[in-house]
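*Asks:* Fold the following for me, if possible:
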Amino acid sequence: MKEVELLYKLDEQSLTIIRQKLRASFVAKIREIDTYFYPPNRDFLATDDGRENLRVRENENKKELTYKKVVYNHGIYSHSIENNLDIADAAIASEILKSLGFRIHMVLNKEREVFQEGNFHITIDNVKDLGYFIEIEWVGQDGDEDKIKQFCMAKAAELGLTAIQDKGYLRLLEEKNKQQ
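*Replies:* This next block holds a predicted model:
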């Protein structure tokens with residue numbers, strides 16, 4: 001599945017305003033634990049044209065294994081190609097990966113507020129050690145990434161957001177850990 005999503009960092013003031021604007025489209029609040037794995041024989045780190053992730057995600061509603069290829073266009077996020085597989089037990093899936101030589105790269109813990117407005121899937125995430133973010137994703141037919149990105153940017157502008165966060169949670173956490 002191809003997805004286009006935009007990410008924005010939120011301060012306390014914008015967080016309050018956006019929650020107020022989105023309150024009618026609130027769906028759920030969940031806690032997610034994402035465990036990222038690196039293979040023994042390949043480097044998933046970011047390059048100018050993309051990066052790869054292998055993740056086990058667990059929340060109250062589902063457990064899944066995800067392979068994600070994040071595609072960059074001249075070093076700038078373009079879109080992601082994501083393949084998800086529902087799993088019955090996240091702990092067993094993690095143990096299988098470790099048995100095959102995969103190592104845990106990082107664990108990301110977040111509280112997620114989910115909103116649905118028309119074709120927009122919007123989440124407000126409180127990511128442990130990083131803070132609050134909002135993710136705006138267009139849910140619809142595959143199409144022109146630039147056009148879909150424009151839809152997402154228009155929705156962001158409607159919410160008062162302007163500065164796109166060009167790195168995902170994993171990269172932000174990696175950078176933060178390097179600085180410590």
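
*Asks:* can we go C-alpha only for contacts and neighbour counts from here?
*Replies:* OK.

*Asks:* What ranges does this protein have for its strands?
*Replies:* Under the criterion DSSP state E, the chain carries strands at the ranges 2-3, 5-9, 26-38, 50-58, 63-73, 76-86, 103-117, 120-127, 131-138.

*Asks:* for this protein, which helix is longest?
*Replies:* helix 145-158 (DSSP state H).

*Asks:* Quick one: list the elements packing against it.
*Replies:* strand 5-9, strand 131-138 (3 or more C-alpha pairs under 8 Å, 6 or more residues apart in numbering; DSSP states H and E).

*Asks:* hmm, 10 Å instead?
*Replies:* Helices and strands touching helix 145-158, by 3 or more C-alpha pairs under 10 Å, 6 or more residues apart in numbering; DSSP states H and E, are strand 2-3, strand 5-9, strand 76-86, strand 120-127, strand 131-138.

*Asks:* Just the mean pLDDT for the shortest one, thanks.
*Replies:* Read it as strand 2-3. The average of the pLDDT scores along strand 2-3 is 64.

*Asks:* low pLDDT regions in this structure?
*Replies:* Residue ranges of the chain with pLDDT under 70: 1-3, 46-48, 75, 140-143.

*Asks:* which one in it is furthest away from the centre?
*Replies:* Centroid-distance maximum for the chain: Ser99 at 26.4 Å, with C-alpha atoms, centre = their mean.

*Asks:* For it, list the residues it contacts.
*Replies:* Ala93 (C-alpha atoms under 10 Å, 6 or more residues apart in numbering).

*Asks:* how about the helices and strands packed on helix 145-158 in a markdown table, adding mean neighbour count and distance to Met153?
*Replies:* Converted to a markdown table, the helices and strands packed on helix 145-158 look like this (neighbours: other C-alpha atoms under 10 Å; distance: least, C-alpha to C-alpha, whole Å):
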| stretch | mean neighbour count | distance to Met153 |
| --- | --- | --- |
| strand 2-3 | 18 | 14 |
| strand 5-9 | 21 | 8 |
| strand 76-86 | 16 | 13 |
| strand 120-127 | 21 | 11 |
| strand 131-138 | 20 | 9 |
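
*Asks:* Make a markdown table out of the strands of the chain and add distance to Asp166.
*Replies:* Converted to a markdown table, those look like this (distance: least, C-alpha to C-alpha, whole Å):
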| stretch | distance to Asp166 |
| --- | --- |
| strand 2-3 | 15 |
| strand 5-9 | 7 |
| strand 26-38 | 20 |
| strand 50-58 | 12 |
| strand 63-73 | 10 |
| strand 76-86 | 7 |
| strand 103-117 | 18 |
| strand 120-127 | 16 |
| strand 131-138 | 12 |
